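Participant: Compute the structure for the input listed below.
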Amino acid sequence: MSAARTGSGSLPGDPPGGRRALAVWGIGVSVYFVAVIFRTSLGVAGLDAADRFDVNASALSTFSILQLLVYAGMQIPVGLLVDRLGTKKVLGIGVVLFTAGQLGFAFSPSYGMALASRALLGCGDAMTFISVLRLGTRWFPARRGPLVAQMAGLVGMAGNLVSTLVLARLLHGIGWTAAFAGSAFAGVVVFVLLVLFLKDHPEGHEPEPVPHLGATYVRRQIAASWREPGTRLGLWVHFTTQFPAMVFLLLWGMPFLVEAQGLSRAVAGELLTLVVLSNMAFGLVYGQIVARHHGARLPLALGTVGATALLWAVTLAYPADTAPMWLLVVLCVVLGACGPASMIGFDFARPANPPERQGTASGITNMGGFVASMTTLFAIGVLLDATGEDYTVAFSAVFVLQALGVTQILRLRRRAARRERDRLVASRVSSVHVPV
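Facilitator: Next up is the predicted model:
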């Protein structure tokens with residue numbers, strides 16, 4: 001008899017999902033939510049940080065570059081740790097680290113100590129998203145994977161919304177130290193919830209035992225994940241789609257809108273909020289589309305890249321000294337699609353790898369956008385200093401990385417599609433059980 005799918009549309013052995021899965025997963029994404037608040041807090045405090053530590057554009061960009069360098073460098077180790085130790089332990093370590101980093105940033109008396117605090121924050125932040133993706137695959141049926149991943153990204157953007165709406169007001173109301181130290185309390189709250197209520201998997205769905213995390217195991221996990229064209233395609237999709245919005249929200253959006261476009265901080269903050277709200281709306285739409293129409297993944301990703309490049313080109317090349325408000329609004333709306341488009345990268349890596357490699361493959365994929373963001377943050381800072389703060393020249397760095405990413409996506413797309421079809425056929429054959 002055929003057991004390819006159950007009546008609910010789930011594959012044999014799939015987790016049941018349901019309310020309990022939603023509750024446990026909710027604890028995991030609450031940790032990611034707080035991590036994103038801390039990660040993006042510098043985006044609303046960039047000008048204040050420049051004044052507080054008396055640094056120029058290049059030195060200011062170093063905060064975010066170092067944070068993302070640590071984050072990107074930790075992705076493969078974190079993926080291996082999640083596969084080996086499970087979600088709860090890795091998330092717990094992450095909460096302790098990013099909370100300590102946020103507290104350290106609040107009380108840093110010098111630029112050097114503030115840099116160290118952001119690096120610590122980046123290390124803890126790096127442990128959250130991969131863990132949440134793994135938690136979703138352990139608690140929800142595979143067919144829910146794209147939607148669950150997009151919802152995790154949606155919750156993360158809600159954290160960004162808290163930064164732009166709440167933390168920005170606290171910063172200018174109660175001051176630097178009180179705002180950053182007070183926000184760190186959220187890390188304590190989610191740590192308690194995690195310790196008391198989070199479980200790695202439902203009863204009866206324990207993963208296969210993973211070998212000791214030795215050098216041979218690590219090499220095999222990384223090599224096997226990298227050999228899959230879907231993993232590499234996922235990395236380049238994430239690389240190409242995520243960074244324009246990340247760079248804008250993490251650091252350079254506020255200075256660009258205030259210094260280059262002549263807007264007030266209040267209006268600039270509203271436009272940053274628009275990016276976040278747009279991201280949340282696109283996340284809901286993209287998640288539903290990809291879950292129902294798998295073939296829409298690449299058109300959505302490439303369409304987002306093309307729309308982003310077009311709007312940046314029109315904004316930067318606008319003949320007047322400043323772009324009109326309607327154009328800035330459209331730019332921010334389109335930037336909102338970057339985050340959901342980057343999540344599509346995981347939808348290429350996920351079906352390309354078996355469950356025991358999901359953490360490692362997700363870590364490789366997640367490196368893409370953060371490496372691109374780190375590179376662009378650095379390039380913009382250097383170009384601003386070299387050109388006397390010419391934002392048109394500085395932001396043109398976006399097009400270079402987009403061109404590189406699109407080239408790689410087009411190179412890998414057919415190979416990944418063939419491999420995915422082969423794996424799907426093999427899984428259907430293996431799911432047909434012969435009665436005894």
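Participant: Now the lengthiest helix in the chain: average pLDDT?
Facilitator: Taking residue count as the measure and DSSP state H as the definition, the longest helix of the chain comes out as helix 397-430. Here helix 397-430 scores 85 as its mean pLDDT.
Participant: Over to stretch 80-95?
Facilitator: Summarised as a single mean, pLDDT over stretch 80-95 is 89.
Participant: Tell me the buried residues in that stretch?
Facilitator: Judged by neighbour count using 16 or more other C-beta atoms under 10 Å, the buried positions of stretch 80-95 are 80-88, 90-95. For the C-beta atoms, the positions are set from N, CA and C on the backbone; glycine is no exception.
Participant: Nearest to Val330 among the residues you listed?
Facilitator: Sorting the buried residues of stretch 80-95 by how near they are to Val330, with C-beta to C-beta, puts Gly94 at the top with 36.3 Å.
Participant: In contact with the closest one, which residues are there?
Facilitator: By C-beta atoms under 8 Å, 6 or more residues apart in numbering, Gly94 lies in contact with Val31, Ala35, Gly124, Asp125, Ala126, Met127, Thr128, Ser131.
Participant: you'd agree Glu389 is in a helix?
Facilitator: No. Going by DSSP: H, G, I helix; E, B strand; the rest coil, the assignment for Glu389 is coil, not a helix.
Participant: now it: how far from Gly182?
Facilitator: Noted for Glu389: a distance of 33 Å to Gly182, by C-beta to C-beta, to the nearest Å.
Participant: Arg39 too?
Facilitator: 17 Å.
Participant: Of those two, which one has the most company?
Facilitator: Neighbour count, other C-beta atoms under 10 Å: between Arg39 and Gly182, Arg39 has more, with 31 against 14.
Participant: residues in contact with the nearest residue to that one once chain neighbours are set aside?
Facilitator: Beyond its immediate neighbours in the sequence, the residue positioned closest to Arg39 (C-beta to C-beta, 6 or more residues apart in numbering) is Asp125, lying 5.1 Å away. Contact analysis of Asp125 by C-beta under 8 Å, 6+ apart lists Ala35, Val36, Phe38, Arg39, Gln67, Tyr71, Gly94, Phe98.
Participant: How much space separates Asp125 from Arg418?
Facilitator: For Asp125, the distance to Arg418 equals 36 Å [C-beta to C-beta].
Participant: do Ala49 as well
Facilitator: Between Ala49 and Arg418 the distance, using C-beta to C-beta, works out to 48 Å.
Participant: Flag the shaky bits of the chain, pLDDT-wise.
Facilitator: Counting by pLDDT under 70, the chain has low-confidence residues at 1-17, 145, 204-214, 424-436.
Participant: still on that earlier bit, out of the contacts of Asp125, who's nearest Pro202?
Facilitator: Within the set of the contacts of Asp125, Gly94 lies nearest Pro202; the separation is 22.4 Å, counting by C-beta to C-beta.
Participant: Remind me which helix or strand that closest one belongs to.
Facilitator: Assessed by DSSP states H and E, Gly94 sits inside helix 87-107.
Participant: now do Gln67
Facilitator: Counting by DSSP H and E, Gln67 is found in helix 57-85.
Participant: Buried residues, that helix. List them.
Facilitator: For helix 57-85, the buried set under the neighbour-count rule, 16+ other C-beta under 10 Å, comprises 57-76, 78-85.
Participant: quick check: angle from it to helix 87-107?
Facilitator: Taking axes from the mean of the first three to the mean of the last three C-alpha atoms, to 10 degrees, one finds helix 57-85 and helix 87-107 inclined to each other by 160 degrees.
Participant: So which elements touch helix 57-85?
Facilitator: With contacts defined as 3 or more C-beta pairs under 8 Å, 6 or more residues apart in numbering; DSSP states H and E, the secondary structure elements packing on helix 57-85 are helix 46-53, helix 87-107, helix 111-125, helix 129-139, helix 215-227, helix 358-386.
Participant: so how far is the second one off the chain centroid?
Facilitator: In this view, helix 87-107 has its centroid 17 Å away from the chain centroid, taken as C-alpha atoms, centre = their mean, to the nearest Å.
Participant: Then the shortest one?
Facilitator: Distance of helix 46-53 from its chain centroid, counting by C-alpha atoms, centre = their mean, is 25 Å.
Participant: What residues of it count as buried?
Facilitator: Of the residues in helix 46-53, those buried by neighbour count under the rule 16+ other C-beta under 10 Å are Gly46, Asp48, Ala49, Ala50, Phe53.
Participant: Give me the buried positions along the helix or strand hosting Cys332.
Facilitator: Mapping Cys332 onto the secondary structure by DSSP H and E places it in helix 325-335. Within helix 325-335, the residues scored as buried using 16+ other C-beta under 10 Å are Leu328, Val330, Leu331, Cys332, Val333, Val334, Leu335.
Participant: how about the very next helix or strand once past that helix as CSV, C-alpha atoms only?
Facilitator: Secondary structure here is assigned by DSSP H and E; on that basis, the next helix or strand after helix 325-335 toward the C-terminus is helix 338-349. Coordinates of the C-alpha atoms in helix 338-349 are reproduced here as CSV (Å, rounded to 0.1, in the frame of the first residue of the first chain):
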residue,chain,number,x,y,z
CYS,A,338,14.4,41.8,0.5
GLY,A,339,14.1,40.0,3.8
PRO,A,340,11.3,37.6,2.6
ALA,A,341,13.1,37.0,-0.7
SER,A,342,16.3,36.0,1.3
MET,A,343,14.2,33.4,3.1
ILE,A,344,13.7,31.7,-0.2
GLY,A,345,17.4,30.7,0.0
PHE,A,346,16.5,28.2,2.8
ASP,A,347,13.8,26.7,0.6
PHE,A,348,16.5,25.7,-1.9
ALA,A,349,18.9,24.3,0.8
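Participant: Perfect, I'm done here.
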